[in-house]
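Engineer: Fold the following for me, if possible:
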Amino acid sequence: MAMSYVQPLLFLLASFFFLRAFRAHEIDVDTCSGTSFPYGYINSVDVSEEFNSVGSGTKDIDTVMVRVFGYTSIKRSNWGLVEVFRKIDNKDSLLKSYNPCELISCPVKPDTYFTFHLSKVPYTTPGKYVVRLLDSGEERSTVFCVEFDMSLKAPALVSA
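Structural biologist: Numbering: from 1, shown residues only. As a prediction, the model looks like this:
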């Protein structure tokens, strides 16, 4: 039996259509005012939706996965906490915090690229969000801090 070349092509096109809902959105980021990361940098941040099915037959964005891609040039053993905030009227409202050593291998070696996969971050409303990494010292000083605007919409459902 000869295999049709049309079927794989149709499957590929259908995959692109359905996978659009699960794509990640790369976001423009800025460092928070008054902070710097002298021994490295944040390459990028991307966000992908985590949907919560609701009984009404619609899907709402309940939580998001935020991925922070960065680099450090020195050994870091004192990363203490990763925090995600929603900035409202210039005030930070804590959404979720993470132990960085549960996200990546610690201590972080020099000349290392790292990725924080911050899952189940509550998505409240479009606006400015902040990811901040604090050290583990008594003062909990900021190692790095980035701000970004996030505006996501749930995809429309196709009804038959």
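Engineer: Please make it C-alpha for all contacts and neighbour counts, starting now.
Structural biologist: Fine.
Engineer: Could you report the distance from Gly127 to Met65?
Structural biologist: Distance from Gly127 to Met65, counting by Cα to Cα, to the nearest Å: 16 Å.
Engineer: And the strands in this protein, which stretches?
Structural biologist: Shown for the chain, the strands assigned by DSSP state E span residues 24-27, 29-31, 40-53, 59-72, 79-88, 91-98, 112-122, 127-135, 142-150.
Engineer: and of these, who's closest to Cys106?
Structural biologist: strand 79-88 (8.4 Å; Cα to Cα).
Engineer: list the helices and strands the closest one packs on?
Structural biologist: Counting contacts by 3 or more Cα pairs under 8 Å, 6 or more residues apart in numbering; DSSP states H and E, the secondary-structure elements packed against strand 79-88 are strand 91-98, helix 100-103, strand 127-135.
Engineer: Could you identify which of the ones you listed is most buried?
Structural biologist: Among the helices and strands packed on strand 79-88, the stretch with the highest mean neighbour count (mean count of other Cα atoms under 10 Å) is strand 127-135, at a mean of 19.
Engineer: list the helices and strands it packs on?
Structural biologist: When contacts are defined as 3+ Cα pairs under 8 Å, 6+ apart, strand 127-135 packs onto strand 79-88, strand 142-150.
Engineer: Check the burial of Val82 by counting its neighbours.
Structural biologist: Burial of Val82 is recorded as 23 neighbouring residues (other Cα atoms under 10 Å).
Engineer: quick one: contacts for it?
Structural biologist: Listed by Cα atoms under 8 Å, 6 or more residues apart in numbering, the contact set of Val82 reads Ser97, Tyr98, Asn99, Pro100, Val131, Arg132, Leu133, Leu134.
Engineer: change it to 7 Å
Structural biologist: With contacts defined as Cα atoms under 7 Å, 6 or more residues apart in numbering, the neighbours of Val82 are Ser97, Tyr98, Asn99, Pro100, Arg132, Leu133, Leu134.
Engineer: in the sheet, who's paired with it?
Structural biologist: Note on Val82: beta-bridge partners Tyr98, Leu133, judged by DSSP bridges.
Engineer: now the helices and strands packed on strand 127-135 in TSV, with distance to Pro107 and mean pLDDT?
Structural biologist: Below are those laid out as TSV (distance: least, Cα to Cα, whole Å; pLDDT from 0 to 100):
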stretch	distance to Pro107	mean pLDDT
strand 79-88	8	91
strand 142-150	14	87
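Engineer: No further questions, thank you.
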